[in-house]
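Visitor: sequence and computational prediction follow.
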Protein chains: 2
Amino acid sequence: MDPKIVSNLENEVQEKLNWLGEFGKDPEGGVSRLLYSKEWIEAQKSLEQLFKDEGLAVQFDEVGNLFGRLEGTTKKDETILTGSHVDTVKNGGLYDGQYGIIAGFLALKYLKENYGAPLRNIEVVSMAEEEGSRFPYSFWGSKNIVGQAKNEDVKGIKDFEGIPFDDAIHQAGFDYRQNPEQVRDDLKTFIELHVEQGNVLEVEKKDVGIVQHIVGQRRYTVTVQGEANHAGTTPMGYRKDAANAVSRMVCAINDAAVAEGDPLVATVGKIILEPNTVNVVPGKATFTMDIRHTEKGALVEFADQVEVKLREIAGNLGVQIDIDLWMDADPVPMDPDVVKVLQEQCDKNDLNYKMMHSGAGHDSQNIAPVIPTAMIFVPSHKGISHSPNEYTNPKQLAEGVNALICALYELGYKA
Amino acid sequence: MDPKIVSNLENEVQEKLNWLGEFGKDPEGGVSRLLYSKEWIEAQKSLEQLFKDEGLAVQFDEVGNLFGRLEGTTKKDETILTGSHVDTVKNGGLYDGQYGIIAGFLALKYLKENYGAPLRNIEVVSMAEEEGSRFPYSFWGSKNIVGQAKNEDVKGIKDFEGIPFDDAIHQAGFDYRQNPEQVRDDLKTFIELHVEQGNVLEVEKKDVGIVQHIVGQRRYTVTVQGEANHAGTTPMGYRKDAANAVSRMVCAINDAAVAEGDPLVATVGKIILEPNTVNVVPGKATFTMDIRHTEKGALVEFADQVEVKLREIAGNLGVQIDIDLWMDADPVPMDPDVVKVLQEQCDKNDLNYKMMHSGAGHDSQNIAPVIPTAMIFVPSHKGISHSPNEYTNPKQLAEGVNALICALYELGYKA
């Protein structure tokens, strides 16, 4: 007997989010729970107790990822994993990361209460770190799970107060992995439930998203060198105006992105002019360009085409241009079989869902190359993210958990 | 017998500029001589001595403008005035302002030595202040000469160290004018010699410019309110990107300015994005717009047309716009008769000159509405201004003085 859609989850998921959100709650609203901080330790220890109280087998790995296991009866060497990250950005919201942990816990609790032990192990994980908000290193939790974390990359880094990573991990009672490249061979599937951090689901009035790809991204810094001149005494024809040049570049980038269409996005988020004063023609400008796409070929082709266009604009205006690519991450496809399970379960249970991609990065992008992985999204009101104002309504939070319950049942309880 | 072009002026003008540039010389190069500072007092006192040594009748007015007079023989109630300002910006150059004083002094010296006393008085003035670099008030010198300075506007202001204007003027040994609106009725003409602060003369290979207008200017702050969004999760069609909107506005402003052509210039010198970070679609942008033209009607018409265009762009992109006009100064024509004298003298003496406008503000713009006024420019290498790197070659400095000598002879020695 397959699980039914659970109608009374709304209060429980909201109540548990509120509870977990107390650890690191900012006086002015929002949650700040940075890796290995006092608040982070309290949250992980409290989750450990919560898992234990529900009868799950609990274990921390060396670095502080917390696992709560519902033991399988027959396929004990196969584990279905779900969860997300417990850390937040500074002054973040109540949903990003912790929703995936609470959802996973509630799914296991419901399955256990209603269907007893599964055939395979089902585990919920509260991953140590994803945001890179305390130390300049992201995905510490998931990278350790799949043996991709490099201990030598974190040993020298410090947080914004100068505290070494090395001190922080030890003071929190954790340590580096002895065999950092080892991966548990029982992990057969990972499903991460997360808020969308965009407004596509809300605009399209969907409760649930099934992620097929996490976008690849390229990030650039573009420097334009013109000539600073007096704004009054320099005729238009004598100028090498860096602001004018950059503006034409930003228009070209946006025009090209709109012409290319979804799933491509291109963003100029930052522009710095020099000297940046009312009565001087700007001599220099620096801007960032962030390009994302679900397909590597299309991403590279678009980026190349934009680069040509930018150089052409610079040439036409007689300014120098330097284009520096400093981040180049490939798109990550989700596992088609896991995606199919999710889609079938959503269809079967009449969930109001949408097939989509993730434009943001997630732990799943590290896990997917090693373990068959998929993601479920729930809407983010107005797309607000990394803010105390992020919000998802309880009905949609519950629908996400329902989708997860159905998928875990399918994967964990069936032969 | 009219004055001949003087061929041996180059060394003398350069030597005197170097001498005056010692007062306020910065250790790292450049000159900083702010109103009523120790360096400023030393410069004015040293100029007083220089003028006296040359047999000029010397007088400070109440606020510290210094006048050196070559007495006329018959028309003692008529004075031809020349000069410029003695103050500099912080870390300014060797030419801006002080060139006009040195040129005036050398012209009087040459005329006196070669032609004796003129019919009318000829005076050189070292004006107290033009730049507004110490206190937030510009043109204190020239405004006092023409009775336009408002004592109540300066009494409450302070410099960047918190020193009140009121203390500074008294500690320098000067005071407010008793009759601030009074204007000397003997002043019949003013000619200011100044560096161009642009590169038009250099590009067009001219030694001297005769200014016909000083531009009017309007300055605006434009605020664009869009919507900050996640750069990855917000499809292009869902964005209200303030950077994209501002870029289209900057392009429109530049296109309109190029289409309008000289003497109009329009500059976006400053752009501030918020939050200005690589992975967020900018939600807000603020930029400045500086528009200048020699004709008021054309200035206003252009500004109105641009404003309509900006509002149209904002409307098309669904962003809010606020346009704040915070400076609105009318163009100032130079006196046609004085301009004619300059032009005739340049023609007669085969000077390599150009009729032009000033895109920058000068003391002459305050004096011109009260006393018939004109300006002579000499080239600024690469248009560099307000910098230790400003430079005019000695030959061109000498040509400017020659133009001034001829004009002062015409105006001061002829019936």
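Guide: Structure received.
Visitor: A:Asp290: how many residues sit nearby?
Guide: 22 (other Cβ atoms under 10 Å in any protein chain shown). Using the backbone N, CA and C atoms, a C-beta is placed for each residue, glycine as well.
Visitor: quick one: what helix or strand has it in it?
Guide: strand A:284-293 (DSSP states H and E).
Visitor: what's near enough to touch the residue of the stretch 251-400 of chain A found nearest chain B?
Guide: Using Cβ to the nearest Cβ, A:Gly359 is the residue of the stretch 251-400 of chain A that sits closest to chain B, at 3.3 Å. Neighbouring residues of A:Gly359 by Cβ atoms under 8 Å, 6 or more residues apart in numbering or on different chains: A:Gln197, A:Gly198, A:Val215, A:Pro263, A:Val265, A:Arg292, B:His230, B:Ala231, B:Gly232, B:Thr233, B:Thr234.
Visitor: again with A:Thr82
Guide: By Cβ under 8 Å, 6+ apart, the neighbours of A:Thr82 are A:100, A:103-104, A:107, A:122-125, A:190-193, A:404, A:408.
Visitor: how about the longest helix that chain A contains against chain B, any contact?
Guide: The single longest helix within chain A, with elements called by DSSP state H, is helix A:296-317. No - taking Cβ under 8 Å from any Cβ of the partner chain as the criterion, helix A:296-317 and chain B are apart, separated by no less than 10.0 Å.
Visitor: hmm, who's touching that helix?
Guide: A:215-218, A:222, A:224, A:226, A:240-241, A:244-245, A:248-249, A:252-253, A:256-257, A:260, A:264, A:266, A:289, A:291-293, A:320-321, A:323, A:325, A:330-331.
Visitor: quick one, which of these are buried?
Guide: A:215-218, A:222, A:224, A:226, A:240-241, A:244-245, A:248-249, A:252-253, A:256-257, A:260, A:264, A:266, A:289, A:291-293, A:321, A:323, A:330-331 (16 or more other Cβ atoms under 10 Å in any protein chain shown).
Visitor: which of those come close to chain B?
Guide: A:Val215, A:Gln217, A:Asp241, A:Asn244, A:Arg248, A:Met249, A:Ala257, A:Leu264, A:Ala266, A:Arg292.
Visitor: residues in contact with the first one?
Guide: Counting by Cβ under 8 Å, 6+ apart, A:Val215 makes contact with A:Pro263, A:Val265, A:Arg292, A:His293, A:Thr294, A:Leu299, A:Pro331, A:His357, A:Ser358, A:Gly359, B:Gly232.
Visitor: could you rerun that using 6 Å?
Guide: The contact partners of A:Val215, by Cβ atoms under 6 Å, 6 or more residues apart in numbering or on different chains, come to A:Arg292, A:His293, A:Thr294, A:Pro331, A:Gly359.
Visitor: over to A:Gly21?
Guide: Taking Cβ under 6 Å, 6+ apart, one finds A:Val31, A:Leu94 in contact with A:Gly21.
Visitor: and the pLDDT for it?
Guide: You'll see A:Gly21 listed with a pLDDT of 98.
Visitor: phi and psi next, for it.
Guide: The phi and psi values for A:Gly21, taken as degrees, to the nearest 10, are phi -70, psi -10.
Visitor: and the gap between it and chain B?
Guide: 21 Å (Cβ to the nearest Cβ, to the nearest Å).
Visitor: again, but for A:Glu131
Guide: A:Glu131 is 12 Å from chain B, by Cβ to the nearest Cβ.
Visitor: give me the spatial nearest neighbour of the residue of the stretch 251-400 of chain A closest to chain B, chain neighbours excluded.
Guide: Computed as Cβ to Cβ, 6 or more residues apart in numbering or on different chains, the closest residue to A:Gly359 that is not its neighbour in sequence is B:Gly232, at 3.3 Å.
Visitor: so what's the one you found scoring on pLDDT?
Guide: Looking at B:Gly232, its pLDDT reads 94.
Visitor: that one and A:Ala360 touch, don't they?
Guide: Yes - between B:Gly232 and A:Ala360 there is a contact under Cβ atoms under 6 Å: 4.5 Å.
Visitor: where along the stretch 301-415 of chain A do the strands fall?
Guide: A:320-329, A:332-333, A:353-358, A:373-378 (DSSP state E, counting those that start in this stretch).
Visitor: in three-state terms, label the residue of the stretch 51-200 of chain A found nearest chain B for me.
Guide: Across the stretch 51-200 of chain A, no residue is closer to chain B than A:Gly198, which sits at 2.7 Å (Cβ to the nearest Cβ). Following DSSP: H, G, I helix; E, B strand; the rest coil, A:Gly198 is assigned to coil.
Visitor: quick one, phi/psi of the closest residue to it other than its chain neighbours?
Guide: Leaving aside its chain neighbours, A:Gly198 sits nearest to B:Thr233 (2.7 Å; criterion: Cβ to Cβ, 6+ apart). Phi and psi for B:Thr233, reported as degrees, to the nearest 10, are phi -100, psi 0.
Visitor: tally of neighbours for B:Thr233?
Guide: B:Thr233, neighbours per other Cβ under 10 Å, totals 26.
Visitor: now for chain A, the helix or strand with the poorest mean pLDDT.
Guide: When the helices and strands of chain A are compared on mean pLDDT, DSSP states H and E, strand A:229-230 comes out lowest with a mean of 91.
Visitor: so what are the sheet partners of that one and their directions?
Guide: strand A:280-281 (antiparallel) (DSSP bridges).
Visitor: what are the contacting residues of the strand it pairs with?
Guide: In contact with strand A:280-281 (Cβ under 6 Å, 6+ apart) are residues A:Ala228, A:Asn229, A:Ala231, A:Thr234, A:Arg239, A:Asp241, B:Thr267, B:Gly269.
Visitor: just checking, the first one touches A:Gly283?
Guide: Yes - contact between A:Ala228 and A:Gly283 holds when scored by Cβ under 6 Å: they sit 2.9 Å apart.
Visitor: the helices in the stretch 51-200 of chain A, which residues?
Guide: Along the stretch 51-200 of chain A, the segments classed as helices by DSSP state H, counting those that start in this stretch run A:98-115, A:140-145, A:151-154, A:165-171, A:200-203.
Visitor: avg pLDDT for the fourth one?
Guide: Right, helix A:165-171. So the average pLDDT for helix A:165-171 ends up being 98.
Visitor: and for the second one?
Guide: When pLDDT is averaged over helix A:140-145, the result is 98.
Visitor: got the CA coordinates for that helix in PDB?
Guide: Output of helix A:140-145 as PDB, limited to C-alpha atoms (Å, rounded to 0.1, in the frame of the first residue of the first chain):
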ATOM      1  CA  TRP A 140      32.400  21.500   3.100                       C
ATOM      2  CA  GLY A 141      29.600  19.100   4.200                       C
ATOM      3  CA  SER A 142      28.600  17.500   0.900                       C
ATOM      4  CA  LYS A 143      32.200  17.500  -0.500                       C
ATOM      5  CA  ASN A 144      33.300  15.400   2.500                       C
ATOM      6  CA  ILE A 145      30.400  13.000   2.000                       C
END
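Visitor: for it, packing partners?
Guide: helix A:364-367 (3 or more Cβ pairs under 6 Å, 6 or more residues apart in numbering or on different chains; DSSP states H and E).
Visitor: at the contact with chain B, which residues of the stretch 251-400 of chain A appear?
Guide: Proximity of the stretch 251-400 of chain A to chain B, by Cβ under 6 Å from any Cβ of the partner chain, involves residues A:251, A:254, A:257-258, A:262, A:265, A:267-271, A:273, A:276-281, A:288, A:290, A:292, A:359-360, A:383, A:385.
Visitor: for ChimeraX, what selects the buried ones among the residues you listed?
Guide: This is how ChimeraX selects the buried members of those, with burial counted by 16+ other Cβ under 10 Å:
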select /A:251,254,257,262,265,267,268,269,270,271,273,276,278,279,280,281,288,290,292,359,360,383,385
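Visitor: which of the residues of the stretch 251-400 of chain A next to chain B fall within helices?
Guide: Counting by DSSP H, those contribute A:Cys251, A:Asn254, A:Ala257, A:Val258 to helices.
Visitor: I'd say the last one and B:Met236 touch.
Guide: Yes - assessed by Cβ under 6 Å, A:Val258 is found in contact with B:Met236 at 5.0 Å.
Visitor: and the residue of the stretch 201-350 of chain A found nearest chain B, how far is that from A:Pro275?
Guide: Nearest residue of the stretch 201-350 of chain A to chain B: A:Thr233, at 2.6 Å (Cβ to the nearest Cβ). The spacing between A:Thr233 and A:Pro275, counted by Cβ to Cβ, to the nearest Å, is 16 Å.
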